[in-house]
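> Make a model of this:
(2 chains)
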Amino acid sequence: MTTNVLKIERLSYSYTGGNRVLDNLDLEIRRGERVGLLGPSGCGKSTLLRLIAGLEKPDVGSITILGNLVSGHRAMVPPENRKIGLVVQEKALFPHMSVKDNIIFGIRKEKNKNKVVSDLLEILKITSLSEKFPHEISGGEQQRVALARSIAPAPKLLMLDEPFSALDQSLKSELYSEISKVLSEKQITILLVTHDVDEAKILTDRQLEIADLQKK
Amino acid sequence: MVIGVSVLVFLIGTITAWIVTNYNFLGRDVFEWALILPLAMPPYVMAYTFTGLFDPYGDANNLVRNFFQLSNDTVVFPNFRNVYGAIIVFSFTLYPYVYLVCRSAFLNQSKSMKEAARILGLSQIQVFYSLALPIARPAVVGGLVLAIMETLSDFGAVDHFAIQTFTTGIFRTWYGMYDLGTAMQLASFLLLTIGILFLIERSARTRRNYTSNNSSFSPQSEPKLRGLNSLIAFSVCFLPLLIGFVLPILELVQWAYQSNLAFFNQQFFITAFNTLSLAICSGIICAYIALLINFSIRFAPNQAINKLSFLLSIGYVIPGLILAVGLVQLYLYLDNSLLQNSKLFLTGSLIGLVLAYIIKTYASANSSIESGYERLSKSLDSSARVLGAGSWTLLRKIHMPLLKTSLFTSILLVMSDVVKELPATLILRPFNFDTLAVSTYLYAAEERMQQAAAPAIAIVVVGLIPIILLTKMIRESRVSVKNDH
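Residues are numbered from 1 along each chain as shown, chains lettered A, B, ... in the order given. Model prediction:
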């Protein structure tokens, strides 16, 4: 049985118009590992996450999740079938759904969905917000909800794309410790994208520069 | 006629927009949205009311004769059944096209730019015509072209005034003389003219985006006008509203009063039911087609869908009469050669009529859905998909609830267009199937104006619904412009 949750080989991607943003990239993440991916703005960090999520198609190379080829030559598994989680900077909470319904969205067909939601609300200390709508809660609370929503379907890999960059420093520090605890408890494999080296050191075990992953 | 309408529409649209955006005067807050009310008045309804008012024995002449005790053969107001009357009718119902775009352009122009111009020696009026107007030129051209296209496409008003235009010519040669060849030649020429205007409007629209996006100045605090100046501003804004909306409404109400509300008979309710059923059907179908096409473009973009959307979007520029003449030929061909059915499936059927409405009004439905989608962050799609939502779930659970206002607006816009549409309905409707527009036209053709009042009022009321939505947006737009800065 493979211990790699994610394996990327020789991945290249260009924006429409031909500007190559990722070139010949290799990356392996083992089960339970927490990896931080660092790099300046525009170096392709977020694009890499979109490629892993299946929201973009690579030009060349392959992406394998838990031994299954999801992107590659003649293979393109749609995002909804990849069983991964993604939290983005702008949170992207569904504005017409309550906090509870947002978290349920990814597990709406499961029988124990209410139990999963109430556990997550409790762990992330947002039980009192369950019936509120995204516009009625603060930025930090929205980020907790976005995280709960991504964790709820128990993804094989959780990707975090600069999730704290819009928050102030005191709120960040508070969230770091709480979220670290939750992620450890759930033993979720993490791929965090950030430009903040300190944030990466607090939340992850291994930090990588995106430039170092690309073979010239 | 086109030249006259262009000049008047330009003058009324730009001057009223300049006044309401740059000065604070008596009634400004009301005029700001009320000036678009004439959009609810189809030109043919205004034409009917104007002949009712200003014909030698019309209500306006009678009123003046009675008031001043004049003899019965004294005619006070000029005859409107000519090209000048048509210019008045089109100008005062179509100026809102220019007013709307100019208001938006002027609202985005800055106080500092205007002040700089004043310091450089320009008077207030010079700022208007040598600075504000040239900056807003692409928007003005766009609005003006729309008004010209509407004028060229009209059939009801020019037919009532017995003016020879392309549309009346096509209708008579085709419907009266059964001379399809000549009708097609006339239609092709009109279509070519409209096509050129369409290209001008598209190009103006691109440049309009460019100019408005470049405005990053603070908004103006408008000087308050007092005394005579306030009165002049009030009069300039009230006159178009009076001619384009208040007078026709008063005349319609007068007809309704004269007939003692007897027109609310069974025939009226059948006609209203026919119209509303058609309008609701077309509205729902059109809105859902627009939703599916926009969803496809967003979810899995491809050239074919983009082209289909563009093709459907240009349907609105085709005059209703030409669309109907073309579709009749197509329907006959399809019914005879392909379906080979003894019963005509498309020709003279409700299906054929609804298809025509969809082609004619798709652009209205699309504009609302498209702008709704522009406001919807794509990160919502990404999140939903990563959380396991396929295309159908994404559409049903995320997009449709978030776009319900856009969907509703697009249904209303289509309904309003369908209710007003005259020539296409007149030609494509099933035998003995009347709509409000057809009914108004037929009564007016027989000079039975009291009977024409009920369907005409109903058309204006339905036409007012999207206008009310638009006025709400206008009121909010000034607040948002202030908040943005």
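
> helices and strands around the strand or helix carrying residue B:234, which ones?
In this structure, residue B:234 sits in helix B:227-241 according to DSSP states H and E. The contact analysis (3 or more Cβ pairs under 8 Å, 6 or more residues apart in numbering or on different chains; DSSP states H and E) places helix B:227-241 against helix B:2-22, helix B:28-34. To be clear about C-beta, it is placed using only N, CA and C from the backbone, and glycine gets the same treatment.

> hey, which of those helices is tucked in deepest?
Compared across the helices and strands packed on helix B:227-241, helix B:2-22 shows the largest average neighbour count, a mean of 22 (mean count of other Cβ atoms under 10 Å in any protein chain shown).

> Give me the residues contacting that one.
B:25, B:28, B:31-32, B:35, B:83-84, B:87-88, B:90-92, B:94-99, B:102-103, B:106-107, B:128, B:132-133, B:136, B:140, B:143-144, B:147-148, B:151-152, B:220, B:222-223, B:233, B:236-237, B:240 (Cβ atoms under 8 Å, 6 or more residues apart in numbering or on different chains).

> Which members of the residues you listed occur in strands, if any?
Using DSSP state E, the subset of the contacts of helix B:2-22 located in strands is empty.

> what is the mean pLDDT for the helix or strand following the helix holding residue B:234?
Once helix B:227-241 ends, the next helix or strand along the chain (criterion: DSSP H and E) is helix B:247-258. In this model, helix B:247-258 has a mean pLDDT of 85.

> Next, the angle helix B:227-241 makes with helix B:247-258.
60 degrees (axes from the mean of the first three to the mean of the last three Cα atoms, to 10 degrees).

> The helix or strand encompassing residue B:170 packs against which elements?
Per DSSP H and E: residue B:170 is located in helix B:166-171. In terms of contacts (3+ Cβ pairs under 8 Å, 6+ apart), helix B:166-171 is packed against helix B:137-153, helix B:156-160, helix B:180-213, helix B:320-333.

> which one of the ones you listed is the most hemmed in?
Most buried among the helices and strands packed on helix B:166-171, given mean count of other Cβ under 10 Å as the contact rule, is helix B:156-160, at a mean of 25.

> And stretch B:331-338, end to end?
10 Å (Cα to Cα, to the nearest Å).

> for stretch A:129-141, that is, sorry about that
Stretch A:129-141: ends 9 Å apart by Cα to Cα.

> I would like the residues contacting the helix holding residue B:170, please.
Residues from elsewhere that reach helix B:166-171, judged by Cβ under 8 Å, 6+ apart: B:152-155, B:158-159, B:183, B:186-187, B:189-190, B:319, B:321-322, B:325, B:423.

> Make sure residue A:167 is actually in contact with residue A:173.
No. Counting by Cβ atoms under 8 Å, residue A:167 stays clear of residue A:173, with 9.8 Å between them.

> Quick one: name the residues of chain B near chain A.
Contact residues, chain B versus chain A (Cβ under 8 Å from any Cβ of the partner chain): B:377, B:379-380, B:382-390, B:397-398, B:401-402.

> Mind checking which of those are buried?
B:379-380, B:382-389, B:397-398, B:402 (16 or more other Cβ atoms under 10 Å in any protein chain shown).

> which residues does residue A:87 contact?
A:143, A:146-147, A:150, A:158-161, A:163.

> now the helices and strands packed on helix B:227-241 in a markdown table, with mean pLDDT?
A markdown table is the format used below for the helices and strands packed on helix B:227-241 (pLDDT from 0 to 100):
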| stretch | mean pLDDT |
| --- | --- |
| helix B:2-22 | 90 |
| helix B:28-34 | 86 |
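
> re earlier: now the helices and strands packed on helix B:166-171 as CSV including mean pLDDT and distance to residue A:35?
Formatted as CSV, the helices and strands packed on helix B:166-171 follow (pLDDT from 0 to 100; distance: least, Cβ to Cβ, whole Å):
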stretch, mean pLDDT, distance to residue A:35
helix B:137-153, 81, 51
helix B:156-160, 83, 70
helix B:180-213, 71, 41
helix B:320-333, 82, 61
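
> As CSV, those helices with distance to residue B:451 would be great.
Output for these, formatted as CSV (distance: least, Cβ to Cβ, whole Å):
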stretch, distance to residue B:451
helix B:137-153, 26
helix B:156-160, 15
helix B:180-213, 30
helix B:320-333, 23
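
> what's the closest of these to residue B:254?
With Cβ to Cβ as the criterion, residue B:254 lies closest to helix B:156-160 of the helices and strands packed on helix B:166-171, at 18.2 Å.

> Run through who's touching that closest one.
Under Cβ under 8 Å, 6+ apart, the answer for helix B:156-160 is B:42-44, B:46-48, B:51, B:81, B:86, B:89-90, B:165, B:167-168, B:171, B:422-423, B:437, B:441, B:444-445.

> who does the helix of greatest length in chain A touch, helix- and strand-wise?
In terms of residue count, the longest helix belonging to chain A (DSSP state H) is helix A:169-186. Helices and strands touching helix A:169-186, by 3+ Cβ pairs under 8 Å, 6+ apart, are helix A:139-151, helix A:197-203.

> Adjacent strands (with direction) for the following helix or strand past that helix?
Later in the chain than helix A:169-186, the nearest helix or strand by DSSP H and E is strand A:189-194. Strand pairing for strand A:189-194, using DSSP bridges, gives strand A:34-38 (parallel), strand A:157-161 (parallel).

> residue boundaries of the helices in chain A?
A:45-53, A:99-104, A:113-123, A:139-151, A:169-186, A:197-203.

> Could you confirm whether the second one reaches chain B?
No. Under the criterion of Cβ under 8 Å from any Cβ, helix A:99-104 makes no contact with chain B; the nearest approach is 9.3 Å.

> Now that helix - C-alpha only, PDB.
These are the backbone C-alpha positions of helix A:99-104, laid out as PDB (Å, rounded to 0.1, in the frame of the first residue of the first chain):
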ATOM      1  CA  VAL A  99     -22.800  28.300   8.700                       C
ATOM      2  CA  LYS A 100     -24.200  24.800   9.400                       C
ATOM      3  CA  ASP A 101     -25.400  24.400   5.800                       C
ATOM      4  CA  ASN A 102     -22.100  25.500   4.500                       C
ATOM      5  CA  ILE A 103     -20.300  22.800   6.500                       C
ATOM      6  CA  ILE A 104     -22.900  20.200   5.600                       C
END
